[in-house]
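Chemist: coords below, sequence missing:
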């Protein structure tokens, strides 16, 4: 791949890393690679192999963090919480009490939402974020964004999501779900699943865990094996599909 600069899309999963790269400014072939094993080690291995542009300083990498690298929590609306700091304090206390996640060890981000609506909070371990920054800095590859997989996928396909239903994001050994009612996100969960588990079985487990009964199912990532498993939206990332490029 001969380009002035290259854009990289990286998915850090629970059992390895998937990588895709292409010319940053023009259409062209996509470089794909996948490495199983400890995720950070797999990421480092692929970082050594990934193509680089002739102007390396203009290359960019965008990382998606899958399960179990992020924790999701839906915060119910609370009267009396007005500022971002108010919501941040509430999120941190709820992560500790309800999810057993130590907020002191995490970066906690809260999605914006209309007045009176629930808000999605995401906790990402600071140690992981620091390790990723060091890893990419050592190879002089600027790290543009580092986003939770579920929220990034929801943003990508938001206009195609049902007003009442669930967005399912399956990975090799996990499933993340975002439930919607009236066009607003109302619940989220991520759970491990055994490799090879049918998608409908994983969706049933997630629905029980979340106390949800979704009216419609849409899926991003691997194409569902049957139409009854849900309506397929597309890949997790435009380059992360078998026929990309």
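Modeler: Cool, got the structure. Because the structure is predicted, anything quoted here is derived from the model rather than measured. Residues are numbered from 1 along each chain as shown.
Chemist: from here on, contacts and neighbour counts on C-alpha atoms
Modeler: OK.
Chemist: where does this structure have low pLDDT?
Modeler: Counting by pLDDT under 70, the ranges of the chain that qualify are 1-2, 241-245.
Chemist: center of it, which residue is that?
Modeler: By Cα atoms, centre = their mean, the mean C-alpha position of the chain lies nearest to residue 149, the distance being 0.4 Å.
Chemist: so what's the backbone phi/psi at that one?
Modeler: Residue 149 adopts backbone torsions of phi -60, psi -50, taken as degrees, to the nearest 10.
Chemist: my guess is it meets residue 65, correct?
Modeler: Yes. Proximity of residue 149 to residue 65 meets the contact threshold set by Cα atoms under 8 Å, at 5.2 Å.
Chemist: show me what contacts residue 189?
Modeler: Going by Cα atoms under 8 Å, 6 or more residues apart in numbering, residue 189 touches 72-73, 176-178, 206, 210.
Chemist: Check those against residue 154 and report the nearest one.
Modeler: residue 178 (8.0 Å; Cα to Cα).
Chemist: In the helix or strand encompassing that closest one, which of the residues would be classed as buried?
Modeler: Following DSSP states H and E, one finds residue 178 within strand 174-181. Residues of strand 174-181 classed as buried by neighbour count (16 or more other Cα atoms under 10 Å): 174-180.
Chemist: Could you do stretch 94-113 as well?
Modeler: Buried positions in stretch 94-113, judged by neighbour count with 16+ other Cα under 10 Å: 94-95, 101, 103, 106, 108-110.
Chemist: Let's have the buried residues of strand 174-181 in JSON lines, adding distance to residue 140.
Modeler: Shown next, in JSON lines, are the buried residues of strand 174-181 (distance: Cα to Cα, whole Å):
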{"residue": "174", "distance to residue 140": "31"}
{"residue": "175", "distance to residue 140": "33"}
{"residue": "176", "distance to residue 140": "32"}
{"residue": "177", "distance to residue 140": "35"}
{"residue": "178", "distance to residue 140": "35"}
{"residue": "179", "distance to residue 140": "39"}
{"residue": "180", "distance to residue 140": "40"}
